[in-house]
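Colleague: let's see this in three dimensions:
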Amino acid sequence: MEVFLFALGVGIVSYIAFAVLFPKAIPSDSSDYTKQALERIYQETHALNDSTNILKDQLLEESALVRMMFQWKIMQPIYEAAVQAGYVKNLQFLATLLMVGFGVTFLLFMLLGLGFFVSFLLASIIGYYLPYRHCKKVVIKRNRQFIDQFPDALDMIVRSVRSGFPLTTALQMLADNSEQPMRDEFRQVVDELGMGRNLNQSLARLAVRINEPDIKFFVVVLTVQQETGGNLAEIINNLSSIIRKRKQLRHKIRAMTSEGRATAWVLGLLPVFVFCALYAMQPSYLMPFFTDPIGMMMFAIAVGLLGLCAFIVKQMINVEI
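Modeller: Okay, here's the model as predicted:
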């Protein structure tokens, strides 16, 4: 009994001495630890989700040709769009295609007699704009497919975790059994985990490649769960339910704004159709728009108002959720 009391007294004295010497190591409030953990998670997640740093790190892993092409700041939007479009494995071919396309376009304009400076400027604009717009269109289509498949993927993870498999195995099963583009993205996550990156880093790179709020929710949820613990299956199941409701809301909004989109197309294309029809039937009727200064000014105002109309209608039907 004396030994027990002596050990208890030594423990109490040691705790008091530790609290006096290191007061910040023991939270004064029971909620301080949670606040500190959440603040640390926020800082880590904010750092990991910095797309610029992640893309720079990823660029360092590419071939010399890709690094030479996309290291310039002006080329970074094309590199980011290409990565998000799923062209990660074809970046060297894309870089070669950009250089060849620029050279061919430049020579074509030179043969047309436009001069060196004008040919170089037009070739640069066309060689930059067309690949960028193509990649952005692919990104929109690919992200829509990914988000449509994402709730089912989360349900697969929930079933795997409830069956006793660890999260990494669930991600591996998802990479093996899902459809494109889900398969490629989670295959890359699994490969990065195998190369030594931790889960938070791999998921942050996924959030850069699929730049959608639902994916960022997924990354933050798993980051918090890895730090604080909890029922992983229940957390992901709740997230899947939320994402399904967001998906339903997006489809409902798209159906409700279909009339506005049709109106935008009609208002945008009808003046162009009438102008082309009049020019084909009676060109002299429209020549003052190109020869008379007042007509040129009216033509410019009409084009500006048409663009303003398209912008306003687009803003009216573009609902963020």
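Colleague: all contacts plus neighbour counts: C-alpha atoms, from now on.
Modeller: Noted.
Colleague: where in the chain is pLDDT low?
Modeller: 1-52, 319-321 (pLDDT under 70).
Colleague: domain parsing for it?
Modeller: Per the record, the chain has its domains at 7-48, 51-142, 147-255, 257-317, by automatic domain parsing.
Colleague: export the ones you listed to CSV and append columns for mean neighbour count.
Modeller: Formatted as CSV, these follow (neighbours: other C-alpha atoms under 10 Å):
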stretch, mean neighbour count
domain 7-48, 13
domain 51-142, 16
domain 147-255, 17
domain 257-317, 13
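Colleague: how much space between Gln180 and Phe311?
Modeller: 34 Å (C-alpha to C-alpha, to the nearest Å).
Colleague: just Cys276 next, same as before
Modeller: 22 Å.
Colleague: who does the helix or strand hosting Ile140 touch, helix- and strand-wise?
Modeller: Using DSSP states H and E, Ile140 sits within helix 116-162. Judged by 3 or more C-alpha pairs under 8 Å, 6 or more residues apart in numbering; DSSP states H and E, the packing partners of helix 116-162 are helix 76-84, helix 91-111, helix 167-177, helix 182-194, helix 232-256.
Colleague: name all residues that make contact with Val219.
Modeller: Counting by C-alpha atoms under 8 Å, 6 or more residues apart in numbering, Val219 makes contact with Asn200, Leu203, Ala204, Ala207.
Colleague: would you confirm that the last one contacts Phe217?
Modeller: No: in this structure, Ala207 sits apart from Phe217 without contact. The criterion is C-alpha atoms under 8 Å, and the distance is 9.4 Å.
Colleague: from the contacts of Val219, which land in helices?
Modeller: Judged by DSSP state H, helices contain the following of the contacts of Val219: Asn200, Leu203, Ala204, Ala207.
Colleague: in a markdown table: these, plus distance to Ile243.
Modeller: Shown next, in a markdown table, are the ones in helices among the contacts of Val219 (distance: C-alpha to C-alpha, whole Å):
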| residue | distance to Ile243 |
| --- | --- |
| Asn200 | 20 |
| Leu203 | 17 |
| Ala204 | 19 |
| Ala207 | 15 |
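Colleague: phi, psi of the spatially most central residue of the chain?
Modeller: Centrality entry for the chain: nearest residue to the mean C-alpha point is Asn211, 1.6 Å, by C-alpha atoms, centre = their mean. For Asn211, the backbone dihedrals (degrees, to the nearest 10) come out as phi -80, psi 80.
Colleague: now it: how far from Val219?
Modeller: 12 Å.
Colleague: helices along the stretch 201-321 of the chain, start to end?
Modeller: 213-228, 232-256, 258-281, 283-286, 288-291, 293-317 (DSSP state H, counting those that start in this stretch).
Colleague: tell me which of these lies nearest to Leu94.
Modeller: helix 213-228 (26.6 Å; C-alpha to C-alpha).
Colleague: quick check: angle from the closest one to helix 116-162?
Modeller: 50 degrees (axes from the mean of the first three to the mean of the last three C-alpha atoms, to 10 degrees).
Colleague: from here on, call the first residue 37.
Modeller: Happy to do that; since the first residue is 37 now, the last one works out to helix 249-264.
Colleague: tell me how far helix 249-264 lies from the chain's centre.
Modeller: 16 Å (C-alpha atoms, centre = their mean, to the nearest Å).
Colleague: could you do stretch 224-243 as well?
Modeller: Mean-position distance between stretch 224-243 and its chain equals 16 Å (C-alpha atoms, centre = their mean).
Colleague: span of that stretch from start to end?
Modeller: 12 Å.
Colleague: what's in contact with stretch 154-167?
Modeller: Contacts of stretch 154-167 (C-alpha under 8 Å, 6+ apart): Ile114, Leu134, Gly137, Phe138, Gly139, Thr141, Phe142, Leu143, Phe145, Met146.
Colleague: tell me the contacts of Cys345?
Modeller: With contacts defined as C-alpha under 8 Å, 6+ apart, Cys345 is in contact with Gly304.
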